[in-house]
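Visitor: What follows is a predicted structure for the sequence shown.
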Amino acid sequence: MTIAILSALAEEQHGLVDAMDGMQSLRHAGREFWRGRLHGHEVVCALSGIGKVAAATTTAALIERFGVRAIVFTGVAGGMGQGVNVGDVVIARQFLQHDMDASPIFPRWEMPGYGRSTLASDGAMTDALARAAAGAVQAGIVASHASARVHQGLIASGDRFVGSRQASDRLRSELQAAGHDVLAVEMEGAAVAQACFDYGVPFAAMRTISDRADDSAHVDFSTFVRTVASRYAQQVVSDFLRQLA
């Protein structure tokens with residue numbers, strides 16, 4: 001079974017690609033894909049691109065062109081849930097598109113043709129990813145975030161960067177009023193979840209919290225990605241693959 005490792009940022013891929021046996025680089029659909037073996041598995045690494053359309057296109061290419069049969073996603077996100085802080089890790093149990101609004105024809109956030117507003121990640125893969133994340137946090141692989149926690153629950157995705165306290169509070173309140181207790185917000189995961197749902201491909205995802213989706217966004221994003229998010233991504237994905245083996 002070929003497993004895709006899909007990441008939002010190149011820094012999260014470097015260590016995994018470098019560790020591959022028999023790595024080959026291929027271009028398809030305007031994207032670069034790295035194929036090889038990692039921890040006993042056939043894997044394909046790729047960058048999702050920014051936004052839902054780019055992420056869905058990359059996911060379809062992984063399934064159609066490379067025949068992947070499972071996808072795991074790593075990236076960063078803005079924390080929205082209470083107690084979800086910078087440096088924490090969120091494991092997705094469900095995804096929702098926060099900018100989906102076909103009302104009044106369909107209820108707000110419901111995906112037309114699907115009869116639902118949320119999509120669940122694969123249970124077994126998500127359990128394994130959560131165990132790997134808990135191990136990485138407990139081991140203190142990022143000393144600067146020794147108090148980091150692992151959260152599990154709903155992640156909201158949309159083609160809009162949520163970067164102000166006003167926008168964050170409004171979105172969180174609207175979702176909570178509808179029974180959606182959102183933990184984090186980003187721009188790709190729900191699209192990957194929908195494409196995987198359409199193809200019947202298991203999907204799991206983790207996000208490292210880089211900011212609180214408000215005016216106090218992390219002052220040096222590139223440094224955070226390099227020293228925190230990428231270290232979590234490489235450790236967690238490696239342990240995840242070992243569990244599957």
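Guide: On my side now, so go ahead.

Visitor: where does Tyr114 land in three-state SS?
Guide: coil (DSSP: H, G, I helix; E, B strand; the rest coil).

Visitor: got the contact list for it?
Guide: Gln194, Phe197 (Cβ atoms under 8 Å, 6 or more residues apart in numbering). Where you see a C-beta, it was placed from the backbone N, CA and C, and this is true even at glycine.

Visitor: Now the phi/psi pair for it, please.
Guide: In this entry, Tyr114 is assigned phi and psi values of phi -110, psi -20 (degrees, to the nearest 10).

Visitor: least trustworthy helix or strand in this protein by mean pLDDT?
Guide: helix 221-224 (a mean of 82; mean pLDDT, DSSP states H and E).

Visitor: what's the distance between the residue nearest to Met187 when sequence neighbours are not counted and Ala29?
Guide: Closest residue in space to Met187, ignoring its immediate chain neighbours: Gly51 at 5.4 Å, by Cβ to Cβ, 6 or more residues apart in numbering. Gly51 sits 15 Å away from Ala29, going by Cβ to Cβ, to the nearest Å.

Visitor: how about the helix ranked longest in the chain as CSV, C-alpha atoms only?
Guide: The helix spanning the most residues in the chain, taking DSSP state H as the definition, is helix 123-139. What follows is helix 123-139 as a C-alpha-only set of coordinates in CSV (Å, rounded to 0.1, in the frame of the first residue of the first chain):
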residue,chain,number,x,y,z
GLY,A,123,-10.4,6.3,12.9
ALA,A,124,-7.5,3.8,13.0
MET,A,125,-5.1,6.2,11.3
THR,A,126,-6.1,9.0,13.5
ASP,A,127,-5.6,6.9,16.6
ALA,A,128,-2.1,6.0,15.4
LEU,A,129,-1.3,9.6,14.6
ALA,A,130,-2.6,10.7,18.0
ARG,A,131,-0.3,8.2,19.8
ALA,A,132,2.7,9.3,17.8
ALA,A,133,1.9,13.0,18.6
ALA,A,134,1.5,12.2,22.3
GLY,A,135,4.9,10.4,22.3
ALA,A,136,6.6,13.3,20.6
VAL,A,137,5.2,15.9,23.0
GLN,A,138,5.9,13.7,26.1
ALA,A,139,9.5,13.2,24.9
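
Visitor: What's the first helix or strand after it?
Guide: strand 150-157 (DSSP states H and E).

Visitor: roughly how far is that following strand from the heart of the chain?
Guide: Mean-position distance between strand 150-157 and its chain equals 9 Å (Cα atoms, centre = their mean, to the nearest Å).

Visitor: Tell me how far the helix or strand following it lies from the chain's centre.
Guide: Following strand 150-157 in sequence order, the next helix or strand is helix 165-177 (DSSP H and E). Distance of helix 165-177 from the chain centroid (Cα atoms, centre = their mean) equals 21 Å.

Visitor: Now do the buried residues in the longest helix of the chain.
Guide: Neighbour-count burial for helix 123-139 flags Met125, Thr126, Ala128, Leu129, Ala130, Arg131, Ala132, Ala133, Ala134, Gly135, Ala136, Val137 (criterion: 16 or more other Cβ atoms under 10 Å).

Visitor: Noted, bye for now.
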